[in-house]
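Asker: here is a sequence together with a model predicted from it:
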Amino acid sequence: MSNESIRIRMTYAKLGNLRFIGHLDLQRLFERALRRTNLPLRYTQGFSPHMRINLASALPLGFVGQAEQMDFWLDQVIPLNEISSRLRTSLPAELILKDLQVIDNKQPSLQASLLSSEYEILLPADIDLQILKDRIGTLLAQDTLPVQRRKKTVDLKNLILDWQLLSVSPITILKISMKSSPLENGRPDEFLVLLGIDPADCLVTRTKLIFEEEE
Amino acid sequence: MQTINLHQLEKILYHVEKPGRYVGGEHNQILKDWDLVRTHVCLVFPDIYDIGQPNLGLAILYDILNQPPDILAERAFAPWHDLEAQLRENNIPLFSLESKHPLAQFDIIGLSLPYESLYTNALNVLDLAGIPLLASERGSEHPLIIAGGQACFNPEPMADFIDAFVIGEGEEVTLEFIHAFEALKQSGADRKALLQSLSTIPGVYVPSLYDVSYAQDDTITEVTPSNASVPAFVTKRIVSELPTHPTRLIVPNIETVHDRLSIEIMRGCTRGCRFCHAGIVSRPVRERPVSEILQIIEDGLAATGYEEIGLLSLSSSDHTQILELTKSVYEKFHDRKISVSLPSLRIASFSVALMDELRDIRPGGGFTLAPEAASPRMQAIINKPLDDAVFEETVRTIFEHGWLSLKLYYMIGLPGETMEDVQAILDAGKRVQAIGRQIRGNRVRIHLSVGNFIPKPHTPFQWYPLNSNDELQAKLDLLKTGLHRTGIKLSYNIPDNTLLEAWLSRGDRRLGQVIQRAWQLGAKFDAWGENDNMPLWRQAFTAIGVDSDFYAYRERGLEEILPWDHIHTGVTKAFLRRDLEWSKLGKTRRDCREQCYACGILDAFADKRPVSPLVYWGCP
C-alpha cells in the first residue's frame, strides 16, 4: 500500500424511493455499496478504521438530486472505467452514477468549496402563475424574510441568489438558486412555505451544485 | 391489479418520521412483474421495519418464495403511529414495500409471529389492509391469512384470526403449502374445502377445524377435530439438516436494530434448561459445517457490503467445531475491516478463548454471560448448574484478557425461588465487580440484566403459575436497594409487561375475544415503553368476562389438557412431567449429547434423522 491515496470524485443522481433516505443513512448506504465493489478503498488509520468518504452537501428528505457529489479515496490507481463498471453493479437502482473524476488531494473538501445550489421545483398543477409572480415579487421586496429554524432565526432573503418562473401549461416550474455553504444554507422548501405552498405538493430537484472556482 | 396512489403516498411521507421505513427499494430487494406471476404472497412482520427487517426467518422465507418464477413474495411491516394516522385519514390501505400493492390484493398473507406482544399489531395490520379480522368472516375474495413463528407453538389465542398456522420450521413446508394452495384454487375449491385440504399437510394447523369444550372450572375437557380427515394433533415440521443459507440479503437503507450479516450456525440446543422455550421447540440440534459457514460469509459480504457479521445460535460454544470456526473466520476475514459478534457463549474459559481468536475483529464493548440463576439450589431447579470456581475463573479470564465491561443475565420469579436466591444474584454481581476491580481497577463496568420468568408452553415448567406483580416487585426492590451506590447497572422488565406476555403465551382460544377487544380499545405495540396499554387489557378482560388470573396465576394440574397439547413439538408430555419431577428433587441432567434422556424427538422424527454421519444431530 502506497501512502499516497487516490481521490475520486463521483457525481450521482438520487431518485425515487431513495429520496426518502436521510443524509446519515445515505452515507452508510454508500459505504456498503463501495464495499460491494471490492475496490481498494482507503480507510482512516487508528483503532476503529472508517472508510474515507465525503459527501458535498446533505439533500433534504424528499428532494431529488440530479447532480450530487461525493469524494472517496482509493489506496491504488484503478482505471476510471473499471471503477465505473463496478459501481454501476453495486449501487442501488435509484442511485445513478453520472460521472467519475480523479481529483488532486490538495484541493479543498467539497463542503468547504460549495457556494450555492440550483433547484427546480415542480409546482402544483392548480397554481395561478400571475398570483405567484406577484407573491414572489412582494416577498422579495421586503427587507428581510425571517424563518425559524429550531432555535435560531434565518433571513431567507439573504440566501436567495436568483429565481425564475417557467410555465408550459399545465406545468409550472420555479427555478431558484440559493446559498449552500455550511454556515449559510438556503432551503427552497422554506421559501415555498412563505409562498403559501405545501412543499409536500411539489417535487423539488437539486439540479446543480456550484463550487468555488479552482485557482 | 392496482397499486395504491403513489402520489398520495409521497405526499404523506413528508409528514412522517423515518419515511425510509415505508418505501422499499433496498439493495437485493426482489421486484417481480405482478401480472406475470401466479401466486402473490405478502410476508408481514407486524412490528416496525427497524425491528422486523433484520429478522432472519423473514429473509429465509423471502428467499425461498421468490425462487420459483411463478411466485412472488413482498414485504410489509406495521406502520408507526404517525403513518397509521395518515393512512387512516387518507383512506390508503396498508401496502407492500416492493410493488406498493394493497395487502388485500395478495393471495396469501404470511404473518410472522415470533413473540406474543405482536398479536394486537397483527390485528391492526389486517384492519389497515381492510381485511376482516375474523377468519369466519373471510371468504374466497380475501387473502388466506397464515401465521408462523415461535409464538405459534401455542396458536390458540390467535385461533379466531388465522386461517392456518404453520408449526415449526418453514423451509420445506412453505412451498408444499403454496403448491397445494395453487392446485386447490385452480380446482375452484371454496374457502372451506381449501382449508380442509390444507389441514392434511403435515405441520399445518387449521384452528377452525377443531372444537374445544370446557368443564365447569373452565379447564379444557376435549379438543376434537371436526371430521375424520383432520389430524387429531399437529406435529411441528423440521428439516433434517440446515438448508442453504440466503446470502443476497436485503440491505436496509435506514438503520435497523441488527444491521449486520446474520448467519445461523446451529439450530437447537442440547443443554435442557427447564425454563427455555426455544430449547425445547427447536430440537434437535443441527450444525452447519465450518466450510459452509465460511462460504456464506464470503458470499454474504460480497452481496451486501456489510461491515459486521453475527454468528447466531442458541449456544455458540456448543458447536462442535466452534474453535476451528473462530480461527478460520479470523484468518480469512481479519483484514477486511469487518467485525464479528458471537453471542450466546457458555460460562467457561473456553468461551473467552473463542473470543480471543476473533481478537481485533470483534465488535467493541463488553462480554456477556447468562448464568440465569445465582444460587446452587436455583441452578439445579432450572438445570443450569454452574460451578462457582468455574464462574469465577471465567470472570477472571474475561478481565485479564482485556474486557472492561461484563453483562450478566439473570431471571427472577423462577419456581421455588426465595428472597435468599434473589440475594444470591446481588452477591454474584458484587463478587464479579470485586474481581474486575482487582484486575482492572475502577474502570470495570458490571451490568445485571434481570428478566422475569414466564412459565412457557411446552417446557417442564409449563404447569407453574407466574409470580404475582407484588412478588416480582419485591424481588426487584431487593435488587435495586442492594445495588444502590455500588456502581453496578441494573436493567429489568416491568412486571405488567411480563403479566401481559404470560396471558398471551399461556392462553386458550377464549382469549381471542379479549385480544380483539383490547385492540379495539387502542392496544398495539404492546412491548413498547412502560406499557400504557395495561388498563386497556384489564378493561378488555372484564368486558369479555374472562378471568385473567386463570391464565397467569393458576398452578395447572398435571393431568389437565393444556390449550397447546394438540400441538406437538416432538418432546413428549411424559418427558416434561418427568423433568418437572427431577427439578423438584433438585436433580440435574447433563448435556443430552452425552446421554439420551428419551425426550421423544428421535421417535417423532425417526424418518428425518439423517443416515449420513456427516450430518450432525448431537443425539447419541
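Answerer: Looks like it came in fine.
Asker: could you chop chain A up by domain?
Answerer: A:6-107, A:113-211 (automatic domain parsing).
Asker: okay, now the unreliable bits of chain A?
Answerer: A:1-2, A:214-215 (pLDDT under 70).
Asker: what does it put close to chain B?
Answerer: Within chain A, the residues that sit near chain B (Cβ under 8 Å from any Cβ of the partner chain) are A:16-18, A:20-22, A:24-25, A:28-29, A:31-36, A:38, A:43, A:48-49, A:51, A:61-62, A:90, A:92-94, A:199-201. C-betas here are computed from N, CA, C, even on glycine.
Asker: for chain A, longest strand please?
Answerer: Using DSSP state E, we find that the single longest strand of chain A is strand A:64-74.
Asker: what about the helices in the stretch 451-600 of chain B?
Answerer: In order along the chain, the stretch 451-600 of chain B carries the following helices (DSSP state H, counting those that start in this stretch): B:469-483, B:495-506, B:511-520, B:534-544, B:548-552, B:573-584.
Asker: rewinding a little: give me the helices and strands touching the longest strand of chain A, please.
Answerer: Applying 3 or more Cβ pairs under 8 Å, 6 or more residues apart in numbering or on different chains; DSSP states H and E, we find strand A:64-74 packed against strand A:6-14, helix A:23-37, strand A:53-55, helix A:110-113, strand A:203-211.
Asker: immediately after it, which helix or strand?
Answerer: Proceeding C-terminally, strand A:64-74 gives way to helix A:80-90 as the next helix or strand, assigned by DSSP states H and E.
Asker: output the contacting helices and strands for that next one.
Answerer: Packing partners of helix A:80-90 (3+ Cβ pairs under 8 Å, 6+ apart): strand A:6-14, helix A:23-37, strand A:95-103.
Asker: give me the residues contacting that helix.
Answerer: A:8, A:10, A:33-34, A:36-39, A:74, A:97, A:100-102, B:27, B:305 (Cβ atoms under 8 Å, 6 or more residues apart in numbering or on different chains).
Asker: can you say which of the helices and strands packed on helix A:80-90 is nearest to residue B:84?
Answerer: helix A:23-37 (22.2 Å; Cβ to Cβ).
Asker: and the angle from that closest one to strand A:95-103?
Answerer: Using axes from the mean of the first three to the mean of the last three Cα atoms, to 10 degrees, the inter-axis angle of helix A:23-37 relative to strand A:95-103 is 80 degrees.
Asker: and for helix A:23-37, what's in contact with it?
Answerer: Residues from elsewhere that reach helix A:23-37, judged by Cβ under 8 Å, 6+ apart: A:14, A:18, A:21, A:41, A:51, A:53, A:55, A:58-59, A:70, A:72, A:83, A:86-87, A:89-92, A:95, B:20, B:27, B:251, B:253-255, B:301-307.
Asker: equivalent analysis for stretch B:170-185, please.
Answerer: With Cβ under 8 Å, 6+ apart as the contact definition, stretch B:170-185 has outside contacts at B:38-39, B:41, B:57, B:60-61, B:64-65, B:68, B:71, B:107-108, B:144, B:146, B:148, B:164, B:166, B:193-194, B:197-198, B:201-204, B:237, B:239, B:243.
Asker: same question for that stretch, mean pLDDT?
Answerer: For stretch B:170-185, the per-residue pLDDT values average out at 97.
Asker: pull the distance from it to the chain's centre.
Answerer: Taking the mean C-alpha point of stretch B:170-185 and that of its whole chain, the gap between them comes to 23 Å (Cα atoms, centre = their mean, to the nearest Å).
Asker: give the contact list for residue A:161.
Answerer: Contacts were defined as Cβ under 8 Å, 6+ apart; by that measure residue A:161 touches A:116, A:177, A:178, A:179.
Asker: is the third one in a bridge, and if so with what?
Answerer: To tie it back to what came earlier, the one meant is residue A:178. Counting by DSSP bridges, residue A:178 is bridged to residue A:117, residue A:160.
Asker: on that earlier part again, of the helices of the stretch 451-600 of chain B, which is nearest chain A?
Answerer: Nearest to chain A among the helices of the stretch 451-600 of chain B is helix B:511-520 (28.9 Å), distances taken as Cβ to the nearest Cβ.
Asker: other SSEs contacting the closest one?
Answerer: Judged by 3+ Cβ pairs under 8 Å, 6+ apart, the packing partners of helix B:511-520 are helix B:119-128, helix B:495-506, helix B:534-544.
Asker: could you redo the last one with a cut-off of 6 Å?
Answerer: Packed against helix B:511-520 by the contact rule (3 or more Cβ pairs under 6 Å, 6 or more residues apart in numbering or on different chains; DSSP states H and E) you find helix B:119-128, helix B:534-544.
Asker: for chain A, what is the nearest residue in the stretch 501-620 of chain B?
Answerer: Evaluated by Cβ to the nearest Cβ, the stretch 501-620 of chain B has residue B:525 as its residue closest to chain A, separated by 22.2 Å.
Asker: roughly how far apart are that residue and residue B:45?
Answerer: Summarising the geometry, the distance separating residue B:525 from residue B:45, computed by Cβ to Cβ, to the nearest Å, is 13 Å.
Asker: okay, these two: which has more neighbours?
Answerer: Each of residue B:525 and residue B:45 has its neighbours counted (other Cβ atoms under 10 Å in any protein chain shown); residue B:45 has more, 27 against 20.
Asker: I'd say that one and residue B:76 touch.
Answerer: No - contact criterion Cβ atoms under 6 Å: residue B:45 and residue B:76 do not qualify, at 7.9 Å.
Asker: the one residue sitting closest to the centre of chain B: what's it in contact with?
Answerer: Ranked by distance to the mean C-alpha position of chain B (Cα atoms, centre = their mean), the top residue is residue B:114 at 3.8 Å. Listed by Cβ atoms under 6 Å, 6 or more residues apart in numbering or on different chains, the contact set of residue B:114 reads B:149, B:150.
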